[in-house]
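[1] My questions are about this predicted structure, shown below with the sequence.
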Amino acid sequence: MRKMIRILIATALVMGLASVAMARIEGTPHDVNVMKAGTGLEICAMCHTPHSGTGDYPLWNRQQAATSYGLYDSPTYDATAATNLQAPSTLCMICHNGVASQLVNYPGVYSVPDTSYDLDLNNFVSPWTNLGTGMTDDHPVSFTYNPSSDYDGNDFPPIATDAGSGRKYANGAQADYPLYGSGNDQFECATCHSVHDTENYTGKGQTQVYFLRTDNSGSAMCTDCHRAR
């Protein structure tokens, strides 16, 4: 009996590890080995460096040029439209604006430039993920999330605060959607997208895109915020 219990526990652990292994950046479009069809390249180094980081976030490993972005606005948009993109969305756009950028520190001895880590963004960023600098036709970001400023009856979820970290998030039924900025109340790209692909959901990379905060089958993630739609 004890032997059978040990076998069941071991099986559960293996299945659990397999499930966790699916929820990580390795093997996703953010993995340099997938981008470059290579092997053994350092995945984290494409965005991060342990020393001499630059840009809007600590330990950032890509040159970041100052860029102005046109952002969404419309007559039915109740939030105050942002005048320019804020972090961490600015980091996403270093690649998703379709302009190549160089690493600050290349992996290996003396940080010697290595062409294995250079990206041809014409091949890496597809036409539907190359947003350019005109984001007026994309979901609004870099605005203050305030559910009470909802004059069109979307019934946005309330803001909740994590008791441990103090971080704020939009408290959806399916997931928590993190907010950013100095006031922890800014809606950014990472509110809907998990850049390290930490979530598991059916059809990821096949019938659904990578990097979502939760399953969007039947637009479930969209209606988790736009609850009255």
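    Great, that's in hand.
[2] residue ranges of the strands in this protein, please?
    With DSSP state E as the definition, the chain shows strands at residue ranges 70-71, 134-135, 143-144, 159-161, 168-171, 176-178, 186-187.
[3] Do I have it right that Met35 meets Tyr117?
    No. Using CB atoms under 8 Å, Met35 is not in contact with Tyr117; the gap is 9.7 Å. Yep, even glycine has a C-beta here, placed from its N, CA and C like the rest.
[4] who touches both of those two?
    Met46 (CB atoms under 8 Å, 6 or more residues apart in numbering).
[5] Make JSON lines out of the strands of the chain and add mean neighbour count, distance to Ser52 and mean pLDDT.
    Below are those laid out as JSON lines (neighbours: other CB atoms under 10 Å; distance: least, CB to CB, whole Å; pLDDT from 0 to 100):
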{"stretch": "strand 70-71", "mean neighbour count": "16", "distance to Ser52": "31", "mean pLDDT": "94"}
{"stretch": "strand 134-135", "mean neighbour count": "16", "distance to Ser52": "30", "mean pLDDT": "93"}
{"stretch": "strand 143-144", "mean neighbour count": "18", "distance to Ser52": "33", "mean pLDDT": "96"}
{"stretch": "strand 159-161", "mean neighbour count": "15", "distance to Ser52": "34", "mean pLDDT": "98"}
{"stretch": "strand 168-171", "mean neighbour count": "20", "distance to Ser52": "31", "mean pLDDT": "98"}
{"stretch": "strand 176-178", "mean neighbour count": "19", "distance to Ser52": "27", "mean pLDDT": "97"}
{"stretch": "strand 186-187", "mean neighbour count": "24", "distance to Ser52": "27", "mean pLDDT": "98"}
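[6] Ignoring the adjacent residues along the chain, who's closest to Gly38?
    Ser116 (6.2 Å; CB to CB, 6 or more residues apart in numbering).
[7] and what of Arg213?
    Per CB to CB, 6+ apart, closest to Arg213 is Ala175, 4.7 Å.
[8] and the gap between Tyr117 and Val32?
    Computed as CB to CB, to the nearest Å, the Tyr117 to Val32 distance reads 7 Å.
[9] Tell me the residues that contact both of the two, please.
    Common contact partners of Tyr117 and Val32 (CB under 8 Å, 6+ apart): Leu41, Ala45, Met46.
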